[in-house]
Every structure is written in C-alpha cells, then in structure tokens.
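Enquirer: turn this into a structure:
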Amino acid sequence: MTRKKLAARGLALSVCMLLALTACGDDSDTDSTPKALSSLGESENQLTLLAMPGHAERGTSDPEQDWVTAFEKETGCQTAVTTATDVTELEELARTGEYDAVAAPGEISRALIEDEEVAPVNTTLLENYDDVVKGLQNRAWNSAGGDSYGAPVGRSANLLMWRTDKVTTPPTSTATLFDPADELSGSLAAFDSPLTLADYALYLKTARPELGITNPYALSRKQFDAVVAQAGVDNDKIGTYWVEYGQYLQKVAEGAVSMGIAPQAVVEVGKAQGTPIEATLPEQGATGTADTWMITANAQNPNCAYRWLDYTLSPEVNAQAAQVLGVAPAVTTACDKAAPGYCDTFHALDEEYYQKVWPATTPLTQCVAGSGSSCVGVQDWRDAWQNLRTQRGD
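Expert: Residues are numbered from 1 along each chain as shown. Next up is the predicted model:
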C-alpha cells in the first residue's frame, strides 16, 4: 500500500486540540510534529483501541480472557476495541486518525513512526516501564531519535522446524532449508509475506559474507537483489506458502511439509497436537516478532491511552496477553504470573538468546542502522515478493 504523510494534519486540527495532544504550553509553537505528554492529566473516560486478536480481549471469544473490563473499572476509561483481520488492514486503519492507540507489529511500526502517525511516549509516566526487558526498550521498531514510541507487548523467535520422521538428522542451519537436499524439494514451507525475504537475508549474511549484510531489514540494492535471486532459486522447491497458522499446522500434520520457518507458538501447538516435530534457533540467527502498543498522533484521549499502555505492562495483564499471543512477556515480573515453565519455553529472560533474534522491522530507504537513503524500501520488498509468487502461478 502507498505510505504518505498526511500533509494537512496541522490544518485539520484546531490550535486548542493540537496543544492538548502535544502537551505544549506555548501558544506560539506551531510545530505539528507529534510530541509526548509531559504530565498525565485527568481521564477522558473513553478510549479507542486498534489491534489484532489477542491484544485487547474482553472475554468475547473466551470468558477467561478478559483484561479490558478490569481496565475500565480501574480507570473509568470506557474502551472500544476494533480488531483488524490482518496487518494490511491494521495499517490502513491506523492511518485514519480514528483511534487513540494501536498494537503495532514491527513490520508496520517503524513506518508509522516515520510518517508521524504515532507520537513519542514519555515512559516516565508509565509506572511499569522500568520492568520491561532491556532487549525491548528503544529498539529500531519502537523508537526514533532517542524517543520511545510505546509499550512493548512481548517477543518471539521464528524457528527452524522439521518433522523428525522426515528429517532424521537434526539441522542446525537454515542451509538445510534454503539449500535443501533433493529429497526435501517440494515439502518445504514459507510464510507468504514480503518479510520472508529477511529470512533469506539472514542466510546469505553468513553464506555469502562478501555481500556485507549486517541487518536483514536494511539492505542495499546489491544485497537486496542477491536475496531476491536466492528466493527465486528456492521458489519451486517450496511446496507450501502459508498465511494462517492452522493451515500450516495441518500441512505439517499431514506430512505435506517436512521443514519450514515457524513462530515458536506454532511449534508448541504442533507438539501439543502430537505432530512429530522439533525446532531450533538456527546458527545464523532468526527473524521474529515484537509488537508495541503505540499512541496515535491524533489521539483524542491521550490520558486514557497512557493509562492503557501502563496497564498492559502490569505483570498480570502482560502475562495473560503474552500467553494468548504465544510470545515471551515483555515485563520481567510477568513470569511470576505466567503458567509454570512458560517463560522458560519462550526464553523470556534470556537476553543472550534474543541477541540472535531479529524482530520484524519495516524496511525503509532510511536505513535502520545509520544515516542516508541507501536502503531498499518496503514497496520494493512487496513488489519483489509479488513477482516471486506470480512466477509460481499459484
């Protein structure tokens, strides 16, 4: 989809509203750049949230999963939750200016920051923020210019998964997947997303060190072309391109898929269902996920939004949300509230483990680690992926 700044934002807001949103006390300040609150004000008694399923539950799907109702009782902020069906819809809705806060996955969060669709967050106003694991504070997908842009939800790695009856020698490298033996051709799986190219980039980071890849989401044109070429070589070897976790697990259970990259939550569900699978963090490292609750630039209820962000970082709520989403909690104290063994399974407090994980980050022409506009932007990633999928004709 086309990303663009809303150039008329300043015209669309009255001076009074702008001051309220940016907590700016100088009438002469005409800067429309979103700003963090300097202090927490009284509750507006209402809040609008936008998220994918599992981030803001009020018991509709499962009566045991309801943390929105308790928030309303605690703060008086009557909360309306809009649930997006996929990331594309989530980003489109996040750009409408109709919501106070959005649970943004890394693949769109940096774009929202870049386009000034979300505001910096004054983390000193979040009592629970100090308990956030260091590996989720001020990272490429949730910060910019030294400013934090939200409250982390959790994190997870995308693992190399295989059926133990199909792959008898446990693999340690994604070379087994991206340079597979002939007998595995056609039984491999890949997530149907442009960001799957980042998995290829991590593989080439070590397989072809002369390319000089340092970040799988920040690629020069030469690096990007090499990644796309590698994906093209493997295109016909992929038997299943999947979108829904259930679809993926069914293919694995049926034996149609022998190996693929899978979020750890998928691995754990598959094991619980009795499918003979194992998984590992490959030696090249892995891509992953890390969502962040962000406050929109046009938030009409910023004080309730700050209260919501802090609430989601409380140990009980963060533990509950993390377990629903199938990710490691963002808050160190949440492990005391999670099910026994859950945090160990997801390596929640293992920073050495997560130093090898690259959570999804929007590829922008403004490179992640440095200045200049020498990286390949997200639209090129989308176009290249669409071309690969079109070549297959399925």
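Enquirer: Gln137 and Glu42: what is the separation?
Expert: Going from Gln137 to Glu42 by CB to CB, to the nearest Å gives 28 Å. Any C-beta I mention is one placed from the backbone N, CA and C, and that applies to glycine too.
Enquirer: for these two, indicate the residue with more neighbours.
Expert: For Gln137 and Glu42, the more surrounded residue by other CB atoms under 10 Å is Gln137, and the numbers stand at 15 against 8.
Enquirer: any idea of the pLDDT on the more buried one?
Expert: Per-residue confidence at Gln137 stands at 97 (pLDDT).
Enquirer: so it makes contact with Arg155?
Expert: No - distance between Gln137 and Arg155: 11.6 Å, which falls outside the contact criterion (CB atoms under 8 Å).
Enquirer: so what sits against both of the two?
Expert: Between them, Gln137 and Arg155 have no joint contacts when contacts are counted by CB atoms under 8 Å, 6 or more residues apart in numbering.
Enquirer: and for the helix or strand containing Glu352, what's in contact with it?
Expert: Secondary-structure element containing Glu352, defined by DSSP states H and E: helix 351-354. Here helix 351-354 makes contact (CB under 8 Å, 6+ apart) with Val133, Lys134, Gly135, Arg155, Ala157, Leu281, Gly288, His347.
Enquirer: now swap in stretch 208-217 and tell me
Expert: Contacts with stretch 208-217, where a contact means CB under 8 Å, 6+ apart, come from 140, 195, 198-199, 201-202, 204-205, 219, 222-223, 226, 287, 358, 360-363, 367-369.
Enquirer: 7 Å instead, please
Expert: 198, 201-202, 204-205, 219, 223, 226, 287, 358, 361, 363, 368-369 (CB atoms under 7 Å, 6 or more residues apart in numbering).
Enquirer: what does stretch 234-246 give?
Expert: Under the criterion CB under 7 Å, 6+ apart, external residues in contact with stretch 234-246 comprise 178, 180, 185-192, 248, 251, 256-257, 266, 388, 391-392.
Enquirer: same question for stretch 228-242, mean pLDDT?
Expert: 93.
Enquirer: would you mind measuring from Glu316 to Leu184?
Expert: Computed as CB to CB, the Glu316 to Leu184 distance reads 44 Å.
Enquirer: correction: the previous question concerned Ala175.
Expert: Computed with CB to CB, the distance linking Ala175 and Leu184 is 12 Å.
Enquirer: quick check: domain ranges of the protein?
Expert: Residue ranges for the domains of the chain, per automatic domain parsing: 9-153+290-355, 157-288+364-392.
Enquirer: in the one helix or strand Asp225 maps to, what counts as buried?
Expert: Secondary-structure assignment from DSSP H and E places Asp225 in helix 221-234. Taking 16 or more other CB atoms under 10 Å as the basis for neighbour counts, the residues of helix 221-234 that come out buried are Gln223, Phe224, Ala226, Val227, Val228, Gln230, Ala231, Asp234.
Enquirer: re earlier: sort out for me which of the contacts of helix 351-354 are in strands.
Expert: Arg155, Ala157, Gly288 (DSSP state E).
Enquirer: mind putting the buried residues of helix 221-234 into TSV with distance to Ala322?
Expert: What follows is the buried residues of helix 221-234, written out as TSV (distance: CB to CB, whole Å):
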residue	distance to Ala322
Gln223	34
Phe224	33
Ala226	36
Val227	31
Val228	34
Gln230	34
Ala231	32
Asp234	33
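Enquirer: which of the residues you listed lies closest to Asp383?
Expert: The shortest gap between Asp383 and any of these belongs to Val228, at 9.9 Å (CB to CB).
Enquirer: now name the helix or strand holding the residue lying closest to that closest one once chain neighbours are set aside.
Expert: Distances taken as CB to CB, 6 or more residues apart in numbering place Ala384 nearest to Val228, at 4.8 Å, with adjacent residues excluded. Assigned by DSSP H and E, Ala384 belongs to helix 378-392.
Enquirer: mind listing the helices for the stretch 201-350 of the chain?
Expert: Across the stretch 201-350 of the chain, reading from the start of the chain, the helices by DSSP state H, counting those that start in this stretch fall at 221-234, 245-254, 264-272, 302-312, 315-325, 342-345.
Enquirer: pick the most buried one from the ones you listed.
Expert: Mean neighbour count, computed with mean count of other CB atoms under 10 Å, is highest for helix 302-312 among the helices of the stretch 201-350 of the chain, reaching a mean of 24.
Enquirer: helices and strands around that helix, which ones?
Expert: Using 3 or more CB pairs under 7 Å, 6 or more residues apart in numbering; DSSP states H and E as the contact criterion, the elements in contact with helix 302-312 are strand 46-51, helix 68-75, strand 101-104, strand 292-296, helix 315-325.
Enquirer: nearest to Val81, out of the ones you listed?
Expert: Evaluated over the helices and strands packed on helix 302-312, closeness to Val81 peaks at strand 46-51, with 4.8 Å, by CB to CB.
Enquirer: chain center to the closest one: distance?
Expert: The chain centroid and the centroid of strand 46-51 are separated by 19 Å, computed with CA atoms, centre = their mean, to the nearest Å.
Enquirer: please apply the same query to stretch 69-79.
Expert: For stretch 69-79, the separation from the chain centroid amounts to 26 Å (computed by CA atoms, centre = their mean).
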